[in-house]
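Undergrad: below is the sequence, then the predicted model.
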Amino acid sequence: LASAVVSNENIRAEAVDFNLICAPGYVELLDELVTLNTDRKETAFIITDVPARLSPTAMAIQNWATNAKNAPSNGELGRTTAYSYAAQYAGWCLSTNIDGEEVAVPESTVAMITYSYSDSVSYVWFPPAGTQRGVVTNAASVGYITDESEYAPVVYNQGQRDTMYVNNINPIAMRPNRGLLVYGDKTLSPNSTSALSRVNVARLIVYIRKQLDALAEPF
């Protein structure tokens, strides 16, 4: 997959238009997706995941997000990429397959639906999160994959959510009387004080960049 993303000239063609990039379940591809977006003049926004087997404890999340194990690249051991035009979501979800069976799905598949819904009822510069535009409609619960390769549901507490958010990870969380929500608007920006540390601002910049390119074409 990494080779396909890096070597594919068709998805780099100007005639191909898209504003979101996603490879559900493959956090290892994050740096390749950043390269793709850079080649396309940063005219899209990346949605990515955390590993399916990442324990939901605050310590495990902190160690993974800060790359405490000195991982050489993005993957099970740690996160190595910081990028303003990407957002990371946590919490694999239980959904229904096309054959009616329950199946665990990456959080980016849930976030992608939320982005699509948000864009259909508002604009790209509105946060695809919260109780209005962040309601999850394609999953029933949130959890992770245990070492026994079984899905285990989890209800994130305040400490877990805070640890995620401080480390630029947006939790998909079960909220009382609200159901599942995308509960964050952080990008993977290395600068937490930058306006680009928010998804809606970063997507606005991406949108403007694309529109200016189209407007300048006749000149």
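TA: Nice, thanks for sending it over. Numbers count the residues shown, from 1 in each chain.
Undergrad: okay, CA-based contacts and neighbour counts for the rest of this
TA: Will do.
Undergrad: tell me which stretches of this structure form strands.
TA: Using DSSP state E, the strands of the chain run over residues 20-22, 45-49, 86-90, 92-96, 102-105, 141-145, 151-153, 169-175, 179-182.
Undergrad: can you list the strands that the first one pairs with?
TA: In its sheet, strand 20-22 lies beside strand 45-49 (parallel), with partners assigned from DSSP bridges.
Undergrad: what's in contact with the strand it pairs with?
TA: 19-27, 30, 33-34, 37, 85-90, 106-108, 111-112, 202-203, 206 (C-alpha atoms under 8 Å, 6 or more residues apart in numbering).
Undergrad: which of those count as buried?
TA: Among the contacts of strand 45-49, those classed as buried by 16 or more other C-alpha atoms under 10 Å are 20-27, 30, 33-34, 37, 85-90, 106-108, 111-112, 202-203, 206.
Undergrad: residues near I113, how many?
TA: As a burial measure, I113 scores 17 neighbours (other C-alpha atoms under 10 Å).
Undergrad: same question, G91
TA: G91: 32 neighbours (other C-alpha under 10 Å).
Undergrad: who's in contact with it?
TA: By C-alpha under 8 Å, 6+ apart, the contact list for G91 reads V50, A52, P106, E107, V142, G143, Y144, P171, I172, A173.
Undergrad: you'd agree the second one is up against P106?
TA: Yes: applying C-alpha atoms under 8 Å, one finds A52 in contact with P106, separated by 7.4 Å.
Undergrad: so what sits against both of those two?
TA: Taking C-alpha under 8 Å, 6+ apart as the criterion, A52 and P106 both touch G25, G91, W92.
Undergrad: what sits up against the longest helix anywhere in the chain?
TA: When the chain is parsed with DSSP state H, its longest helix is helix 199-216. Residues outside helix 199-216 that contact it (C-alpha under 8 Å, 6+ apart): 19, 42-45, 84-87, 124-128, 185-187, 195-196.
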